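Asks: For reference, the sequence and a predicted model appear below.
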Amino acid sequence: MKKAIIKTEPAGIVIKQKVRFGKPCVKGTRIAITDILNLLRGGYTINDVPAQYPHLTITDAQAALRYAGRVLGKEEILEIETN
């Protein structure tokens, strides 16, 4: 039996192939980084996150933001010319 590949990201963020379809999650939970970002997009503050997800701390929410910033900071936009 093969084991799922587990990739540990900095600050307690993990990616497990069999958890949330490989989406980055807060370590020890099934809460994806996108779940936290969606709360913030919806008007919640970073201090509101633990009230919505009691297993999380403000530090976990901050780690999620750092992770998202790091990933988006690597994003490149390439111009594709069409004729």
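Replies: The structure has been received and is ready for your questions. Residues are numbered from 1 along each chain as shown.

Asks: centroid residue for the protein?
Replies: Closest to where the C-alpha atoms of the chain average out (Cα atoms, centre = their mean) is Ile33, at 2.3 Å.

Asks: what sits against that residue?
Replies: Shown in contact with Ile33 (Cβ atoms under 8 Å, 6 or more residues apart in numbering): 13, 23-26, 64, 67-68. C-beta here means a position set from N, CA and C on the backbone, and glycine is covered the same way.

Asks: For it, report the pLDDT, please.
Replies: pLDDT for Ile33: 96.

Asks: mind checking how far it is from Lys23?
Replies: Ile33 sits at a distance of 7 Å from Lys23 (criterion: Cβ to Cβ, to the nearest Å).

Asks: wait, which of the contacts of Ile33 is closest to Leu39?
Replies: Taking Cβ to Cβ as the measure, Leu39 lies nearest Ala64 of the contacts of Ile33, at 9.9 Å.

Asks: Count the neighbours of the closest one for me.
Replies: By the criterion of other Cβ atoms under 10 Å, Ala64 has 28 neighbours.

Asks: any idea which helix or strand carries it?
Replies: Using DSSP states H and E, Ala64 sits in helix 58-73.

Asks: Export only the CA atoms of that helix, formatted as PDB.
Replies: Taking C-alpha atoms only, helix 58-73 is exported to PDB below (Å, rounded to 0.1, in the frame of the first residue of the first chain):
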ATOM      1  CA  ILE A  58      -4.900  33.900  15.300                       C
ATOM      2  CA  THR A  59      -1.300  32.600  14.700                       C
ATOM      3  CA  ASP A  60      -2.700  29.900  12.400                       C
ATOM      4  CA  ALA A  61      -4.700  32.500  10.400                       C
ATOM      5  CA  GLN A  62      -1.600  34.600  10.100                       C
ATOM      6  CA  ALA A  63       0.400  31.600   8.900                       C
ATOM      7  CA  ALA A  64      -2.300  31.100   6.200                       C
ATOM      8  CA  LEU A  65      -1.900  34.700   5.000                       C
ATOM      9  CA  ARG A  66       1.900  34.300   5.000                       C
ATOM     10  CA  TYR A  67       1.600  31.100   2.900                       C
ATOM     11  CA  ALA A  68      -0.900  32.800   0.500                       C
ATOM     12  CA  GLY A  69       1.400  35.800   0.100                       C
ATOM     13  CA  ARG A  70       4.400  33.500  -0.600                       C
ATOM     14  CA  VAL A  71       2.600  31.500  -3.200                       C
ATOM     15  CA  LEU A  72       1.100  34.600  -4.900                       C
ATOM     16  CA  GLY A  73       4.500  36.300  -4.800                       C
END
